[in-house]
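Undergrad: One predicted model, sequence on top.
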Amino acid sequence: MGSRASTLLREEEIEEIKKETGFSHSQITRLYSRFTSLDKGENGTLSREDFQRIPELAINPLGDRIINAFFPEGEDQVNFRGFMRTLAHFRPIEDNEKNKNAAPAEPLNSRTNKLLFAFRLYDLDRDDKISRDELLQVLRMMVGVNISDEQLGSIADRTIQEADTNGDAAISFNEFMKVLEKVDVEQKMSIRFLH
């Protein structure tokens, strides 16, 4: 059953992905097997439609935003390497990684990169700030019609008022990080089965 996955993924690719993402050899081969099972076109890439067949994403109010995060701007396909890079944001941080300073680049699953990933879910126009309208759109995605537009507007206004320290009526990434500095991002943005 797992032979297809291991035969199409070369050992040197696995080593490169391990270095880049921090996933173990067994996690990479398991995720490659999942990737190939989602690849309905059998062309080594996933489309948005392939992702939409994942039940957990189909029912998630932010499913489309999460799916979009897998695709570089202007692209409509993602290869296995890109798939793994995005998933790495959700990899739990191991205790021995928390104090590691030897890595030249910050790991994809660092607190800062997890927060940047979350920030980008809200920054719909990719202008590096979250406007009131963007916040409203995401809140609508999350709550649907369960809350009135007036209540959502009030929530958006209060959120921006509390987070916006430079007075530009928007939330920058630094302001976003500051607001979330006491939140356990590791617990909220890690998928334990990737552990």
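TA: Thanks, I have the structure now. Numbers count the residues shown, from 1 in each chain.
Undergrad: what stretches of this structure score poorly on pLDDT?
TA: Residue ranges of the chain with pLDDT under 70: 1-7, 94-104, 186, 190-195.
Undergrad: rerun that using 50 as the cut-off
TA: Along the chain, segments meeting pLDDT under 50 span 1-7, 95-103, 195.
Undergrad: residues in contact with the residue sitting nearest the centre point of it?
TA: Taking Cα atoms, centre = their mean, the centroid of the chain lies closest to residue 117, which sits 5.0 Å from it. Counting by Cβ atoms under 8 Å, 6 or more residues apart in numbering, residue 117 touches 69, 89, 189. The way it works is simple: take the backbone N, C-alpha and C, and place the C-beta from them, glycine included.
Undergrad: repeat for residue 58
TA: For residue 58, the contacting residues are residue 52, by Cβ under 8 Å, 6+ apart.
Undergrad: Going forward, the N-terminal residue is numbered 766.
TA: Let's use 766 as the start, then, which means that last one is residue 823.
Undergrad: now the strand or helix carrying it, how far from the chain's geometric center?
TA: When elements are defined using DSSP states H and E, residue 823 is found to belong to helix 820-824. Distance, stretch centre to chain centre, for helix 820-824: 15 Å (Cα atoms, centre = their mean, to the nearest Å).
Undergrad: gap between residue 830 and residue 798?
TA: Here residue 830 is placed at a distance of 26 Å from residue 798 (Cβ to Cβ, to the nearest Å).
Undergrad: does the residue of the chain most remote from its centre sit in a helix, a strand or a coil?
TA: Taking Cα atoms, centre = their mean as the measure, the residue most remote from the mean C-alpha position of the chain is residue 915, 29.6 Å away. Look at residue 915: counting by DSSP: H, G, I helix; E, B strand; the rest coil, its state is helix.
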